[in-house]
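K.L.:
sequence and predicted model, in that order:
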Amino acid sequence: MTYPVPWINIPVRTALAIWYQWTTRTELPELSKVSVLMRQRNKVENTLRAMQHAGPGTLQVISDFDMTLSRFAHHGKRVPTTHNILDHRLLIDEDCACNMRKLLKIYYPIEIDPSLTSEQKIPLMVEWWTKVHHLLIQQKIQRDMLAQAVQESGVILREGYEVFFDRLAELQVPLLIFSAGVGDILEEVVRQSQVFHPNVHVISNCMDFDANGVLRGFKGPLIHTFNKREGALLLAAPLPELRERPNVLLLGDSLGDLAMADGVARPRNLLTVGFLNDQVEERTESYVEAFDIVLVKDETMEVPNAVLKFITSGKDAK
Ligand SMILES: Nc1ccn([C@@H]2O[C@H](COP(=O)(O)O)[C@@H](O)[C@H]2O)c(=O)n1
């Protein structure tokens, strides 16, 4: 007999902990779905209660963008990342597109390879991002064309994203989108999805345009998947909206995303949710070890929305 278990390769201790979490009651029924894995459900529930008790006024949400707020796949097809949205004839020529795809084929497997450490990956990620940004700058991309490229790209946010963004806005909880993607594209996706509310802040690789609106470089320090700690300390920590909020709900799809909360001064409670989209068997163990809640091949915001509803349904919530 076969069972629909997506984590067959994990140690017995972890498997038993997950089994226990499925067979006992929880205050959040969404956490009992088979796609939800938790190493320590008690810790998750205690953190949720502590955050609920502290109220939404103490909460901030920090989220990655590509393949976290945006979907990994839709109808069996990969959804483009913000970098891949730029692969549009309005913006770049065939040669450049071909080179970018070649680089993706080389470096993406390295990015998600569970047998390599972050230290081993970092120089290669810097190489990838630098080469791609260089190719893009040579294309003299026009700012005015970005909106159309996004519109025609097929990018799509996770099911239930409206509830997530709207609830945060309604409660005035800051949402920091911290992305190693392309900031201008990310912002356009959020804008076209009609959820770019005033509580949304973006840290990313932002394009630098000349007076004629032509791309001439990227502003600020390069952000890749595995240097988000530096970005958090340098760029997120000074943001006044986030400084006095010690409770953090963090969403990511890479182990590197866990560093996005490193800039939070005096953190009190941190709840981390990891979307495990790709190479599931190989990466389940490391994700379950690293994230509090792991969502396996889940293209929805169902669990983050349930968590958010729970945290913000206590005192001083609307
Ligand atoms: N040339 C590139 C470089 C990176 N990517 C992908 O973008 C993701 C980074 O953005 P986050 O919002 O997730 O921080 C990363 O996971 C890379 O796979 C790309 O597609 N092309």
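P.N.:
Here it is on my side, so go on. Numbering: from 1, shown residues only.
K.L.:
point me to the residue of the stretch 201-318 of the chain nearest the ligand.
P.N.:
Taking Cβ to the nearest ligand atom, the ligand has its nearest neighbour within the stretch 201-318 of the chain at residue 225, 5.2 Å off. Any C-beta I mention is one placed from the backbone N, CA and C, and that applies to glycine too.
K.L.:
looking at this, that residue is in a helix?
P.N.:
No. With DSSP: H, G, I helix; E, B strand; the rest coil as the criterion, residue 225 is coil rather than part of a helix.
K.L.:
excluding its backbone neighbours, what's nearest it?
P.N.:
residue 256 (4.4 Å; Cβ to Cβ, 6 or more residues apart in numbering).
K.L.:
picking that back up, quick check: phi and psi at the residue of the stretch 201-318 of the chain closest to the ligand.
P.N.:
phi -60, psi -30 (degrees, to the nearest 10).
K.L.:
quick one: neighbours of it, just the number.
P.N.:
25 (other Cβ atoms under 10 Å).
K.L.:
how about the residue nearest the centre of the chain, what does it touch?
P.N.:
Taking Cα atoms, centre = their mean as the criterion, residue 64 is the residue nearest the geometric centre of the chain, at 2.4 Å. Under the criterion of Cβ atoms under 8 Å, 6 or more residues apart in numbering, the neighbours of residue 64 are 177-179, 251-254, 257, 260.
K.L.:
same question, residue 62
P.N.:
Taking Cβ under 8 Å, 6+ apart, one finds 175-176, 178, 236, 248-251, 260-261 in contact with residue 62.
K.L.:
can I get the residues you listed in TSV including secondary structure?
P.N.:
Formatted as TSV, the contacts of residue 62 follow (three-state DSSP):
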residue	secondary structure
175	strand
176	strand
178	strand
236	helix
248	strand
249	strand
250	strand
251	strand
260	helix
261	helix
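K.L.:
could you dump these to TSV with neighbour count?
P.N.:
Below are the contacts of residue 62 laid out as TSV (neighbours: other Cβ atoms under 10 Å):
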residue	neighbour count
175	23
176	26
178	27
236	22
248	22
249	27
250	25
251	30
260	26
261	23
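K.L.:
hmm, which of those residues is lowest in pLDDT?
P.N.:
Lowest pLDDT within the contacts of residue 62 is found at residue 236 (93).
K.L.:
which non-adjacent residue is nearest it?
P.N.:
Nearest to residue 236 is residue 263, by Cβ to Cβ, 6+ apart, at 4.1 Å.
K.L.:
wasn't the one you found part of a strand?
P.N.:
No. Counting by three-state DSSP, residue 263 is not part of a strand but coil.
K.L.:
next, it: phi, psi?
P.N.:
phi -90, psi 0.
K.L.:
picking up where we left off before, tell me which of the contacts of residue 64 is nearest to residue 114?
P.N.:
residue 254 (11.4 Å; Cβ to Cβ).
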